[in-house]
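Colleague: here you go, sequence then predicted model.
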Amino acid sequence: MATLAPPVTQNSTGSKGPTAMVFMNMGGPSTTDEVGDFLSRLFADGDLIPLGRLQSYIGPLISRRRTPKIQKQYAAIGGGSPIRKWSELQSSEMCKILDQTSPETAPHKPYVAFRYANPLTEEMYERLLADGFGGGKGGRAVAFTQYPQYSCSTTGSSLNELWKWRNRLEGKRATGETQPDGAITWSVIDRWPAHPGLIEAIAKNIEDQLVTYPMAKRKDVVLLFSAHSLPMSVVNRGDPYPAEVAATVYAVMQRLGFSNPYRLCWQSQVGPSAWLGAQTSDTVREYVKRGQTDLVIIPVAFTSDHIETLYEIDQEVMHEDAKGYPGVKRAASLNDSPIFIQALADLARDHLQSGESCSRQMALRCQGCTSERCLEQKKFFVGQSNLLSVL
Ligand SMILES: C=CC1=C(C)c2cc3[nH]c(cc4nc(cc5[nH]c(cc1n2)c(C)c5CCC(=O)O)C(CCC(=O)O)=C4C)c(C)c3C=C
Ligand code: FES
Ligand SMILES: [Fe+2]
């Protein structure tokens with residue numbers, strides 16, 4: 001594995017801290033008024049929705065057209081996305097555990113960096129600098145993706161954004177050095193699709209649903225794992241996400257002793273292009289039609305509630321596609337699950353102790369990648385170790 005250069009000097013307590021723990025995610029609008037800005041940032045992101053040279057013209061048009069529809073969805077789930085609340089809670093609770101389990105790098109300070117909503121990456125970076133990281137003083141920060149499975153459209157996009165702001169705010173020196181003296185040393189937790197703590201937390205939420213069925217029917221309940229879909233153009237480019245989602249599903253089923261029949265399906269496709277299927281809503285409708293009316297839908301690619309669980313699954317799928325079938329249920333999202341928060345702390349502790357700058361997978365770009373941004377971003381994060389070269 002890639003080894004991190006020693007980042008910081010020891011402080012008077014013998015700890016190498018403080019250490020900034022930065023939770024990266026897409027974010028969501030906290031109020032319906034923020035939906036417009038959220039969508040305009042999302043449609044401006046060429047790593048998620050590549051519109052080429054027309055991005056700055058078409059992006060705002062599509063986002064403006066979609067805003068009223070998406071505002072209605074957020075209104076229907078209580079007026080906004082709960083992702084900020086959950087991310088702040090998960091990161092601060094994780095840091096409390098880490099201070100106990102990893103005193104060498106304590107204190108651990110929680111930060112949240114969203115890609116499309118507040119607090120944005122730039123705001124987080126400004127806070128890091130104001131809190132005494134970097135800016136000539138060095139210090140260590142961990143970019144901890146909150147997408148368990150890596151996609152270039154999600155974690156890749158967040159890392160591209162982090163790299164961009166790092167260059168703007170801590171810039172390269174005129175000499176061309178990649179790391180000016182006293183800049184923040186970054187490492188990345190880039191994926192954790194089959195971490196035992198994640199698997200345990202998901203399995204527990206499934207078991208909590210399974211016990212609600214009568215004993216005689218329990219083992220015949222079909223488990224439907226549901227992940228956000230990807231356009232086939234992204235799948236065919238070689239994106240790691242479908243394989244990593246499948247790894248999560250298989251690990252959960254192993255943990256459950258393959259107690260039930262199961263399928264992986266994909267939700268939330270947007271627009272007219274081809275997306276990875278089968279779709280979750282079609283799957284539910286089809287199984288219900290065949291008489292299989294005991295189904296547990298399990299969100300596996302997002303660690304807190306969002307419109308895709310609270311609106312798409314709970315309202316569209318369960319109350320429309322599966323209307324009148326109380327045996328169609330959903331496993332809870334991870335949100336404040338103590339098993340999950342412990343898993344985050346275990347992952348972070350192992351990462352901090354390993355001295356690795358990122359996983360080996362980070363150095364291998366997709367077969368079809370043509371993005372200069374991806375290449376440079378990977379060179380930066382992988383290059384913090386000087387041991388791997390980006391392919
Ligand atoms: C792991 C999860 C996700 C992947 C992978 C992902 C890829 C992806 N998404 C779009 C387009 C849109 N996604 C939108 C919302 C949205 N996406 C995810 C997760 C993943 N997306 C979530 C959790 C959400 C909802 C946020 C919330 O707070 O609830 C949207 C906006 C909503 C809409 O207009 O319908 C778009 C657009 C693409 C193109 C893509 C892969 C390339
Ligand atoms: S698109 Fe996957 S590495 Fe660039
Ligand atoms: Fe999405």
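Modeller: Happy to help now that I have it. Ligands and ions are numbered 1, 2, ... in the order given.
Colleague: now stretch 164-175: mean pLDDT?
Modeller: Stretch 164-175 comes out with an average pLDDT of 78.
Colleague: then stretch 54-61?
Modeller: In this model, stretch 54-61 has an average pLDDT of 92.
Colleague: so which residues on the chain come close to ligand 1?
Modeller: The chain has residues 26, 28, 39, 42, 48-49, 66, 70, 81, 83, 147, 151, 153-154, 228, 230-231, 234, 241, 270, 301-302, 306-308 near ligand 1, with proximity defined as CB under 6 Å from any ligand atom. (Glycine included, C-beta is placed from N, CA and C.)
Colleague: okay, now the domains of this structure?
Modeller: Domains of the chain are assigned by automatic domain parsing as 19-192+339-383, 196-330.
Colleague: got those as CSV, with mean neighbour count columns?
Modeller: As requested, the domains of the chain are arranged in CSV below (neighbours: other CB atoms under 10 Å):
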stretch, mean neighbour count
domain 19-192+339-383, 19
domain 196-330, 18
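Colleague: in the stretch 1-150 of the chain, what residue is nearest ligand 1?
Modeller: Among all residues of the stretch 1-150 of the chain, Gly28 sits closest to ligand 1, at 2.5 Å; criterion: CB to the nearest ligand atom.
Colleague: mind listing what that residue touches?
Modeller: Shown in contact with Gly28 (CB atoms under 8 Å, 6 or more residues apart in numbering): Phe38, Tyr74, Gly80, Ser81, Pro82, Ile83, Arg84, Tyr116, Ala117, His306, Ile307.
Colleague: just the residues you listed: which are in helices?
Modeller: Among the contacts of Gly28, the members falling in helices (DSSP state H) are Phe38, Tyr74, Ile83, Arg84, Ile307.
Colleague: which members of those are the farthest-apart pair?
Modeller: Arg84 and Ile307 (13.9 Å; CB to CB).
Colleague: counting by contacts, list what the helix or strand harbouring Leu264 packs against.
Modeller: Using DSSP states H and E, Leu264 sits in strand 262-267. Applying 3 or more CB pairs under 8 Å, 6 or more residues apart in numbering; DSSP states H and E, one finds that strand 262-267 contacts strand 222-228, helix 241-255, helix 280-289.
Colleague: for Gln100, which of those is the nearest?
Modeller: Closest to Gln100 of the helices and strands packed on strand 262-267 is helix 241-255 (CB to CB; 26.3 Å).
Colleague: got the contact list for that closest one?
Modeller: With CB under 8 Å, 6+ apart as the test, helix 241-255 has contacts from 148-151, 153-154, 191, 193-194, 198-200, 202-203, 206, 223, 225, 227, 230, 234-235, 262, 264, 276, 298, 300-301.
Colleague: for the closest residue to ligand 1 within the stretch 201-350 of the chain, phi and psi?
Modeller: Going by CB to the nearest ligand atom, ligand 1 is nearest to His306 of the stretch 201-350 of the chain, at 3.1 Å. Here is the backbone geometry of His306 (degrees, to the nearest 10): phi -160, psi -180.
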